[in-house]
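Engineer: Provide a 3D model corresponding to the input given below.
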Amino acid sequence: MTAPLKVVLLAINSPGYQSLALGYLRAYAQADSRLQGRVGFQTLDLTTSDDPWWIAYRVIALEPQVLAVSVFCWNASAVHDVCRIVRQALPGIRIVLGGPEVGPVADEVLRAHPEVDAVVRGEGEAAFADVLDLARREKPFTRADGVTARNAAGEVVAAPDRPLIADLDTIPSPYLTGIVEPREGSAYIETFRGCPHACGYCFEGKGYGRIRSFGKDRVEAEIAYLADERGVRQFSFIDSVFNLTPGRLEWLAGALEPYARQGLTLHTVEVDIERVDDEAAALLRRAGVISVETGPQSVGEAALAACRRPFDPTRFTAGVEALKRHGISVECDLIAGLPEDTADDFLEGLRFCLDLDPGKIQTSTLHVLPGTDLYARADELGLRFDPRPPHEIVATDDIGFADLRRLEARSIYIARLYGSRIEGA
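Structural biologist: Numbers count the residues shown, from 1 in each chain. Next up, the predicted model:
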């Protein structure tokens, strides 16, 4: 009998986080009849604080035949270091990457990184299962839809795009299957995929076209399992918009309320704040929400138009006030370096947020991410950015390099000062 194919799934997370994406990949692959009994899985959930040589040692010690890694802008450098080292130690290994940092630019990744064998584009569960089936049968990865790989001649070939999974409930739950265990009393839940917005700087929802939801019974079963059996008391919903519709918010509030009464809390869920009134704020509070994250990202009309992001300052303000009345802290986010934004526009956004006294202000610098509208239109919009991840903006037609760095320093100082609540500052 042929020994099972040895597969390692590697996540290099921000410290304190774990990968739900790899849990989905493994749960879907383990349920595939073609792979059952023929593939053995191990998951390594490590962090960016771990040295790449140490991470490579952990991988090499397991002697996998396939290494699969999820890549984001903030871990890409470490991922490529690990893959290069692993390839030298295990020449016969097949290395597969996926995730938002590599999927949209798969051809470029393969040409720049000869140690990588294949890149899964877009939604990964079904494509990755096909890749593993091809790997165990020693067939070329170019046969899998949704995958870019090298053919026998070493040429980079992109297979046709793969349709999205129509029924998300065909992806087994990483929690209910025991693949992912919550850490330190917290867990992440996803109830739908996609985003109703199309902001130019954001990768969320790109290529999805529509919202697809996990079934209510499945979501409620995950909540009950995590809260009742695993003792989780802090949830983070990774949905792009927690208050997607009034009906969905009411359902989630009802599902979460019994646990919220027992002390379960939800932190920094993303909300469409311009659709929050007192009724919605009350539902969020019932669900155990104690803090939310929202825009405006910018208040500059030209920047908002360039990024295709709607913003109504009156409704935004009303949403913040409604949440504050119900004891929910609001984190207002601003991005420096958006196209068409001047330094004065950014500072005006900072003043707007400070006047709201939301609870927290978070500022960041634009990252021009592969697959986003701003990445595709960078030359047109006058965006000059580092081509290497994390693709931070260097300068724009409206803000030079030095002024961007000054804005970063000033905004970080002001946000920290506001957070510390120093009277008279």
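
Engineer: buried ones in stretch 121-138?
Structural biologist: Within stretch 121-138, the residues that count as buried by 16 or more other C-beta atoms under 10 Å are 121-136. For the C-beta atoms, the positions are set from N, CA and C on the backbone; glycine is no exception.

Engineer: What helices and strands are in contact with the host helix or strand of Leu97?
Structural biologist: Assigned by DSSP states H and E, Leu97 belongs to strand 94-98. Packing contacts for strand 94-98, counted by 3 or more C-beta pairs under 8 Å, 6 or more residues apart in numbering; DSSP states H and E, involve strand 66-70, helix 76-89, strand 118-120, helix 125-136.

Engineer: Name the strands paired with it and say parallel or antiparallel.
Structural biologist: strand 66-70 (parallel), strand 118-120 (parallel) (DSSP bridges).

Engineer: ok, and what's touching that strand?
Structural biologist: For strand 94-98, the external contacting residues (C-beta atoms under 8 Å, 6 or more residues apart in numbering) are 25, 65-71, 79, 83, 86-87, 109, 115-121, 124, 127-128, 131, 135, 141.

Engineer: pLDDT (mean, whole number) over the longest helix anywhere in the chain?
Structural biologist: Determined from DSSP state H, the single longest helix within the chain is helix 401-420. The average of the pLDDT scores along helix 401-420 is 95.

Engineer: so the strand holding Leu97 versus helix 76-89, what angle?
Structural biologist: Angle of strand 94-98 versus helix 76-89, following axes from the mean of the first three to the mean of the last three C-alpha atoms, to 10 degrees, is 170 degrees.

Engineer: Toward the C-terminus from strand 94-98, list the very next helix or strand.
Structural biologist: helix 106-112.

Engineer: Now do that next one: which elements does it pack against?
Structural biologist: Judged by 3+ C-beta pairs under 8 Å, 6+ apart, helix 106-112 is in contact with strand 118-120, strand 147-150, strand 156-158.

Engineer: looking at those strands, which is buried most?
Structural biologist: strand 118-120 (a mean of 29; mean count of other C-beta atoms under 10 Å).

Engineer: Phi first, then psi, for Ser298.
Structural biologist: phi -160, psi 150 (degrees, to the nearest 10).

Engineer: Report the contact partners of it.
Structural biologist: So Ser298 contacts Leu304, Cys307, Arg309, Phe311, Leu334, Ile335, Leu338, Asp341, Asp345, Phe346, Gly349 (C-beta under 8 Å, 6+ apart).

Engineer: Spatially nearest residue to the last one (excluding sequence neighbours)?
Structural biologist: Setting aside the residues directly before and after it, Gly349 is nearest to Val299 in space (C-beta to C-beta, 6 or more residues apart in numbering), at 4.4 Å.

Engineer: and the gap between the one you found and Cys332?
Structural biologist: In this view, Val299 and Cys332 are 11 Å apart by C-beta to C-beta, to the nearest Å.

Engineer: tell me the domain ranges of the chain?
Structural biologist: Following automatic domain parsing, one finds the domains of the chain at 5-158, 182-420.

Engineer: out of the helices and strands packed on helix 106-112, nearest to Ile238?
Structural biologist: strand 118-120 (19.4 Å; C-beta to C-beta).

Engineer: Share the number of residues neighbouring the nearest residue to Asn243 once chain neighbours are set aside, please.
Structural biologist: Using C-beta to C-beta, 6+ apart and skipping residues adjacent in sequence, the residue nearest Asn243 is Leu249, 4.6 Å away. Leu249 has 22 neighbouring residues, counting by other C-beta atoms under 10 Å.

Engineer: mind checking pLDDT for Pro15?
Structural biologist: 89.

Engineer: My error: substitute Met1 in the last question.
Structural biologist: The model's pLDDT for Met1 equals 59.

Engineer: Check Val105 too.
Structural biologist: pLDDT, Val105: 97.

Engineer: Number the chain from 35, please
Structural biologist: I'll keep to 35 as the first residue from here, and by that count the last item is Val139.

Engineer: what about the nearest residue to it once chain neighbours are set aside, which SS state?
Structural biologist: Excluding the flanking residues, the one nearest Val139 by C-beta to C-beta, 6+ apart is Pro404, at 4.6 Å. Here Pro404 is recorded as coil under DSSP: H, G, I helix; E, B strand; the rest coil.

Engineer: what about Pro404, distance to Val105?
Structural biologist: 10 Å.

Engineer: Show me the common contact partners of the two, please.
Structural biologist: With C-beta under 8 Å, 6+ apart as the test, Pro404 and Val105 both reach Pro134, Glu135, Val136.
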